[in-house]
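Asks: how would this look folded up:
(one chain, ligands or ions: 1)
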Amino acid sequence: MRDSVWFFDEIYRIKGATASLNTLPVLKKAFLHQMSKEEMESLYKNRLVKSTSGRDMYDNIMKTAINRTCPLCSLRKVSTLDHYLPQAHYPQYTLLRVNLYPACMECNKAKTDKVNPRKAEQTYHPFFDKLRGILWLSAEYRDDPSPALHYYVNGNVPNTYALRDRMRYHFNELALGDLYASYAGQAFSDIKDALQRVYRRKGAAGVQKYLARQWRSYRKSNPNSWETVFYETLKNCPAFYSGGFNNIAMITFP
Ligand SMILES: [Zn+2]
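Replies: The predicted structure is shown next:
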């Protein structure tokens, strides 16, 4: 048993390093003594979630989330453990540390359960995919009918092991563009009054300076957050800072 765990771990790491986890075979039930999906899930729950040593491991993995933030969307709070290769089809990796990471419930649900997808159709893997130092998130300014942002994965991501393709796939599968655009929509509404005040005293140049200051501060915290890209896009958009902000639609709640 110990040898087979070591074997699965090694194979997983070798494949993961080249984004080739899609080539791993789905395990036939015969290998696992005809265990059903329900039995595998119960094994996972009993070994990891309910047993004391398993619970420690579960808690320790949950703690690896920086500021309790989901590594898949970089926004919502973590509330569960996600299996990169879904346990229903890859039971041999159910308890493997490298196959587990904390995630929010929405990303956990939105992540594909597809078996053997194409290389470019795999989601971001927090263990193997390195994006540090890459400014991968961009947005396009739209002002019809009112200011809004369209977020996308830009071409700065190298396509080694199809990383750029996979990031775009990940972005679409988890609907991150819609998620960030919705937060940006609220932010537009929140800053409208502040921008109008700055404009009255210091004109368009003052508004641009204000946006640039915000951008610098957010960029230090996380260069790829929706906020950083929000301010970056707006500080570079004369149509917005010279008066477009007056057309921001206010979000009002009852
Ligand atoms: Zn998430």
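Asks: quick check: residues of the chain near the ion?
Replies: Contacts of the chain with the ion, taken as Cβ under 5 Å from the ion, map to Cys70, Leu72, Cys73, Arg76, Cys104, Cys107. In this view, the C-beta of every residue, glycine as well, is placed from N, C-alpha and C.
Asks: go again with 6 Å.
Replies: Cys70, Leu72, Cys73, Arg76, Ala103, Cys104, Glu106, Cys107 (Cβ under 6 Å from the ion).
Asks: would you write a PyMOL line that selects the buried entries of those residues?
Replies: To isolate the buried ones among those in PyMOL, judged by 16 or more other Cβ atoms under 10 Å, type:
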select buried, resi 70+72+73+76+103+104+106+107
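Asks: would you mind giving the residues of the chain next to the ion as JSON lines with pLDDT added?
Replies: Below are the residues of the chain next to the ion laid out as JSON lines (pLDDT from 0 to 100):
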{"residue": "Cys70", "pLDDT": "97"}
{"residue": "Leu72", "pLDDT": "97"}
{"residue": "Cys73", "pLDDT": "97"}
{"residue": "Arg76", "pLDDT": "98"}
{"residue": "Ala103", "pLDDT": "97"}
{"residue": "Cys104", "pLDDT": "97"}
{"residue": "Glu106", "pLDDT": "97"}
{"residue": "Cys107", "pLDDT": "97"}
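Asks: low-scoring stretches of the stretch 151-254 of the chain, by residue?
Replies: Residue ranges of the stretch 151-254 of the chain with pLDDT under 70: none are present.
Asks: residue in it nearest to the ion?
Replies: Leu174 (7.0 Å; Cβ to the ion).
Asks: quick one, what contacts that residue?
Replies: Applying Cβ atoms under 8 Å, 6 or more residues apart in numbering to Leu174 gives the contacts Leu72, Cys73, Glu106, Cys107, Ala110, Lys111, Thr123.
Asks: which one among the residues you listed gets closest to His150?
Replies: Cys73 (17.2 Å; Cβ to Cβ).
Asks: ok, and the closest non-adjacent residue to that closest one?
Replies: Cys107 (5.3 Å; Cβ to Cβ, 6 or more residues apart in numbering).
Asks: what about Val207, how many residues nearby?
Replies: Residues lying near Val207 (other Cβ atoms under 10 Å) number 25.
Asks: so it touches Gly244, yeah?
Replies: No. With contact defined as Cβ atoms under 8 Å, Val207 does not count as touching Gly244 (9.9 Å).
Asks: all the helices of the stretch 51-200 of the chain, residue numbers only.
Replies: 52-63, 105-110, 163-173, 176-221 (DSSP state H, counting those that start in this stretch).
Asks: burial-wise, tell me which of the ones you listed comes out on top.
Replies: Across the helices of the stretch 51-200 of the chain, the average number of neighbours (mean count of other Cβ atoms under 10 Å) peaks for helix 163-173, which reaches a mean of 20.
Asks: what's the angle from that helix to helix 176-221?
Replies: On the basis of axes from the mean of the first three to the mean of the last three Cα atoms, to 10 degrees, helix 163-173 is oriented at 120 degrees to helix 176-221.
Asks: report all helices and strands that helix 163-173 contacts.
Replies: strand 148-153 (3 or more Cβ pairs under 8 Å, 6 or more residues apart in numbering; DSSP states H and E).
Asks: what lines up beside the strand it packs on in the sheet?
Replies: In the sheet, strand 148-153 lines up against strand 137-142 (antiparallel) (DSSP bridges).
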